[in-house]
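# what's the 3D shape of this:
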Amino acid sequence: KSNNDNVKDEIIMIDKQMIKTVHTIEICISDIESIRQAILGGVTSLEICSDRSQGGITPSIGLVEEAIRLSNGSNIEINVLIRPRPGLFTFTDDEFNVIIRDVLAMINTGASGIVCGILTKDGKVDVTRMKIIRQLMPKHMKLTFHRAFDICIDTIENSIDDILSIPCDRL
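Numbering: from 1, shown residues only. Just a heads-up that it's a prediction; the model follows:
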């Protein structure tokens, strides 16, 4: 391992086989200048959102498309937060319909992934609604269950099992 502060790929020998360890540097951003600076700084993944002071909400399609344009030609993943409003992660049927439309719109932008987290009224992972989102997404897109996990009432083990059953690619 390198002693410098930069994150670098490492090559590790295991059972005489070379295995490349890939590090991900993800930054949550909500404006164009931050996108530019993150790309210059060597980011490998961006989470695009708006209103970070409120915990993040769904960004405009224009901002997502600009992030994709600016990162064109790189291997930077563009993940988009889908959250119709600040506050708790329980959503009405109308809000869930907005989530579905936002997911479909972001799929059409060419984003790499969707970041979303929905809880039931009793504070558990809403597996049913999250599976609907997963089913809407092309197989190559990643689904991240976001910080709603932090306030799940269920045990960590049960919550992780639920998230894996959706299936989500990241937590």
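
# Let me see the backbone angles for Thr144.
Phi and psi for Thr144, reported as degrees, to the nearest 10, are phi -110, psi 130.

# what pairs with it across the strands?
Using DSSP bridges, the bridge partners assigned to Thr144 are Val115, Arg170.

# so it makes contact with Val115?
Yes. The criterion here is C-beta atoms under 8 Å, and Thr144 meets it with Val115 at 4.4 Å. Using the backbone N, CA and C atoms, a C-beta is placed for each residue, glycine as well.

# In terms of neighbours, single out the busier of these two.
Val115 (25 against 20; other C-beta atoms under 10 Å).

# Can you pull out the low-pLDDT segments for this structure?
1-22 (pLDDT under 70).

# how about 80 then?
1-25 (pLDDT under 80).

# Check it and tell me which residue is nearest its centre.
Val115 (3.2 Å; C-alpha atoms, centre = their mean).

# Against His23, how distant is that one?
19 Å (C-beta to C-beta, to the nearest Å).

# Kindly report the same for Ile151.
The value you get for Ile151 to His23, if C-beta to C-beta is used, is 28 Å.

# The residue nearest to the centre of the chain reaches Val80, doesn't it?
Yes. Between Val115 and Val80 there is a contact at 6.5 Å, judged by C-beta under 8 Å.

# which residues do these two both contact?
47, 49 (C-beta atoms under 8 Å, 6 or more residues apart in numbering).

# one step back: so for Thr144 and Val115, which residues contact both of them?
Asn79.

# if I pick Gly113, what's in contact with it?
So Gly113 contacts 77-80, 141-144, 169-170 (C-beta under 8 Å, 6+ apart).

# change it to 7 Å
By C-beta atoms under 7 Å, 6 or more residues apart in numbering, the contact list for Gly113 reads 77, 79, 141-144.

# Quick check: closest non-adjacent residue to it.
Lys142 (3.5 Å; C-beta to C-beta, 6 or more residues apart in numbering).

# So what does the one you found have for phi and psi?
phi -90, psi 140.

# In contact with it, which residues?
Here Lys142 is in contact with 79, 112-113, 169-170 (C-beta under 7 Å, 6+ apart).

# Repeat the analysis, applying 10 Å as the threshold.
Residues counted as contacts of Lys142 (C-beta atoms under 10 Å, 6 or more residues apart in numbering) are 45, 77, 79, 111-115, 168-170.
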